[in-house]
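**Q** okay, predicted coordinates and the sequence, questions at the end:
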Amino acid sequence: MSDIHLYEGFYPGAPPCRIYYRFYQRHQRSYAPTILIVHGLGEHSGRYQELIQHLLKLGLQVACPDLRGHGLSSGTRGHTWKFAHYYEDILRLQKRLSLYRPILLGHSMGGLIALRFAQLYPEHCRALVLSSPLLGVAVEVPPLKQIFAKIAFHLLPTLRLANEIDPQHLSHDLEKVRQYQNDPLVHAWVTPRWFGEMQAQLALAHRNAQKLRLPLLLQLAGDDRICDPAQAENFFHHCASSPKTILRYPGLFHEIYNELERKQVFLDLAQWLKNTLKIP
């Protein structure tokens, strides 16, 4: 893969954030399709290196930003005033890198962001891959905390709250869990404003299921204790995507690309890209 050059840096996102990104571009095949990875809550794009290497071997280009409030990007950790700012940041990255209709790949919260982006801006993406997407919450949020978050939405919008994610429920690969726990760029926070915005966007995603007509691959963890796979399946059956494929992985935890059986998950993704999108 000597024709690949890694570009990284910052670009101005929706004010006032500066967004960090990586772009793996091919010198000899700059026309190659691009996959744009949208990571999950509390993490960053640097955790997707193994997936990225598999995608590069397929002849693709890969772009991956750190969402605002995450990783090396600026902003209050785990916070956004509006989910629309996430969408604006993606639009600005596409413009900066001159990306024409990339394939969006979103994991967990990134799955919700990628999905809503595709519903709102279908002309800016070619297809959608969702990994354990946030289309329903499986993690137990104490009822009193939910009530407090609603009250604090306006009064204390940037208050730091624990996101209730248990790292032990991310993967059966203990080394991946250890790396997550020791990663200085990983955080365990959300804010009342983020929580309220997330709930609103989640409802809109389901309400507008019929607006999604792009090719869709849905890869679901069978033992997901973070996001509710049943709600993701419900969305899949109601969306108008064509073609659409759902793959379930019994027994796997939330981060299917970091699971012990990830080789099969990568192979399934590659096969779908080749069969559905003719890549390459």
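**A** It's in.
**Q** and stretch 56-64, end to end?
**A** End-to-end distance of stretch 56-64 (CA to CA, to the nearest Å): 13 Å.
**Q** centre of the chain to that stretch, how far?
**A** Distance, stretch centre to chain centre, for stretch 56-64: 16 Å (CA atoms, centre = their mean, to the nearest Å).
**Q** one more: stretch 17-27?
**A** The answer for stretch 17-27 is 16 Å, by CA atoms, centre = their mean.
**Q** what lies in contact with it?
**A** 3-13, 32, 45, 52, 56, 59, 61-69, 71-75, 85, 89, 92-93, 96-97 (CB atoms under 8 Å, 6 or more residues apart in numbering). Glycine gets a C-beta too; all of them are placed from N, C-alpha and C.
**Q** again, only using 6 Å
**A** 3-8, 10-11, 13, 32, 56, 61-66, 68, 72-75, 89, 93, 97 (CB atoms under 6 Å, 6 or more residues apart in numbering).
**Q** SS state for Leu128?
**A** Taken by DSSP: H, G, I helix; E, B strand; the rest coil, the conformation at Leu128 corresponds to strand.
**Q** show me what it is bridged to.
**A** Beta-bridge pairing for Leu128 (DSSP bridges): Leu104, Leu216.
**Q** filter the contacts of stretch 17-27 down to the ones in strands?
**A** Ile4, His5, Leu6, Tyr7, Glu8, Phe10, Tyr11, Gln61, Val62, Ala63, Cys64, Pro65 (DSSP state E).
**Q** okay, strands next: where are they in the stretch 51-200 of the chain?
**A** Along the stretch 51-200 of the chain, the stretches classed as strands by DSSP state E, counting those that start in this stretch are 61-65, 103-107, 127-131, 161-162, 189-190.
**Q** take the ones you listed and write them to a markdown table, including mean pLDDT.
**A** Shown next, in a markdown table, are those (pLDDT from 0 to 100):
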| stretch | mean pLDDT |
| --- | --- |
| strand 61-65 | 98 |
| strand 103-107 | 99 |
| strand 127-131 | 99 |
| strand 161-162 | 92 |
| strand 189-190 | 96 |
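**Q** show me the one of the ones you listed that comes nearest Ala152.
**A** Counting by CB to CB, Ala152 lies closest to strand 161-162 out of these; the figure is 8.4 Å.
**Q** which residues sit against that closest one?
**A** By CB under 6 Å, 6+ apart, strand 161-162 touches Ala188, Val190.
**Q** what's the distance between the residue nearest the centre of the chain and Asn182?
**A** By CA atoms, centre = their mean, the mean C-alpha position of the chain lies nearest to Gly110, the distance being 2.2 Å. Per CB to CB, to the nearest Å, Gly110 is found 22 Å from Asn182.
**Q** now swap in Gly136 and tell me
**A** 30 Å.
**Q** the two: who's more crowded?
**A** Using other CB atoms under 10 Å as the criterion, Gly136 and Asn182 rank with Gly136 on top: 17 against 8.
**Q** could you pull up the residues touching the more buried one?
**A** Asp228, Gln231.
**Q** do the same with Leu60
**A** Taking CB under 6 Å, 6+ apart as the test, what Leu60 contacts is Ala32, Pro33, Ile35.
**Q** just the buried members of the contacts of stretch 17-27?
**A** Buried by 16 or more other CB atoms under 10 Å: 11, 13, 32, 56, 61-66, 68, 72-73, 75, 89, 93, 97, out of the contacts of stretch 17-27.
**Q** what are the ranges of the helices in the stretch 51-200 of the chain?
**A** For the stretch 51-200 of the chain, the helices defined by DSSP state H, counting those that start in this stretch occupy 83-97, 109-120, 143-155, 174-182, 192-207.
**Q** I'm done for today, thanks for sticking with me.
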